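> following is a predicted model, sequence given first.
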Amino acid sequence: MSLVLDPTAQDLLFREARTANTFTDEPVTDEQVQAIYDLVKYGPTAFNQTPLRITLVRSSEARERLVQHMAEGNQPKTASAPLVAILSADNEFHEELPTLFPAFPQAKDAFFAERGAREGSAALNAALQAAYFIVGVRAAGLAAGPMTGFDAEGVRKEFLDDDHTPLVVVNIGKPGENASYPRSPRLAYEDVVTTV
Ligand SMILES: Cc1cc2nc3c(=O)[nH]c(=O)nc-3n(C[C@H](O)[C@H](O)[C@H](O)COP(=O)(O)O)c2cc1C
């Protein structure tokens, strides 16, 4: 009763949405990915820094290169998912800040002149955007299989550069047979929320 979002949408995004480990062959199009991005780009980040960068791994040659850097248990699903996206943090996001946060263009130099400060902020805010992205995938009627089980340095060298830190690799598609494990329990409200 307290939620205003349509209950069907609540189910689609959370209650019935599951992490997928197998997928059908149905392709995921660039148009779908663009629709997902154009929705979730509005999710908030500090100073609107939006440090998430997305690398779509489409060619079979690139897919093979990625699979080699995945943990063994993640390799078959990364090899077979219709689409795989590498989500990374851009540690040089501050270059865009005067445009992205015109209310305070000095933020670039006042807070993010140091690379260490940028890396910490980029990791947090790109992780937030990765979460928005996963929910966006669900909003498109697709399932996501996010994975951190991979050799980050290997993926960085293979697909990115020194200015980007890979955070999550996400398999995307329609769930296939036996796509999800049994639902694991979640912590109860009382276990998580304290009021002071
Ligand atoms: C950031 C992140 C990293 C994950 N890494 C892996 C992984 O490397 N391999 C894997 O099989 N599942 C991975 N998972 C899947 C989680 O185990 C799964 O999302 C969680 O248990 C909830 O499952 P459910 O959505 O089916 O309830 C990851 C999930 C997230 C969000």
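Now that the structure is in, tell me what you want to look at. If you're wondering where the values come from, they're calculated on a predicted model, not measured in any experiment.

> report the buried residues of stretch 92-107.
F93, H94, L97, L100, F101, A107 (16 or more other CB atoms under 10 Å). C-beta: built from backbone N, CA, C; applies to glycine.

> my bad, should have said stretch 128-138
L128, Q129, A130, Y132, F133, I134, V135, G136, V137, R138.

> my read is that the third one contacts V168, right?
Yes: judged on CB atoms under 8 Å, A130 makes contact with V168 at a distance of 5.0 Å.

> out of the buried residues of stretch 92-107, list just those in helices.
Per DSSP state H, helices hold the following members of the buried residues of stretch 92-107: L97, L100, A107.

> what's in contact with stretch 180-188?
For stretch 180-188, contacts defined as CB atoms under 8 Å, 6 or more residues apart in numbering pick out R18, T19, A20, N21.

> partners of the longest strand along the chain, with directions?
In the chain, assigned by DSSP state E, the strand with the most residues is strand 164-173. The strands beside strand 164-173 in its sheet (DSSP bridges) come out as strand 83-90 (antiparallel), strand 143-147 (antiparallel).

> and the residue of the chain found nearest the ligand, what is it in contact with?
The ligand sits closest to G149 of the chain, with a gap of 2.8 Å, by CB to the nearest ligand atom. Residues in contact with G149 (CB under 8 Å, 6+ apart) are M70, A71, G73, N74.
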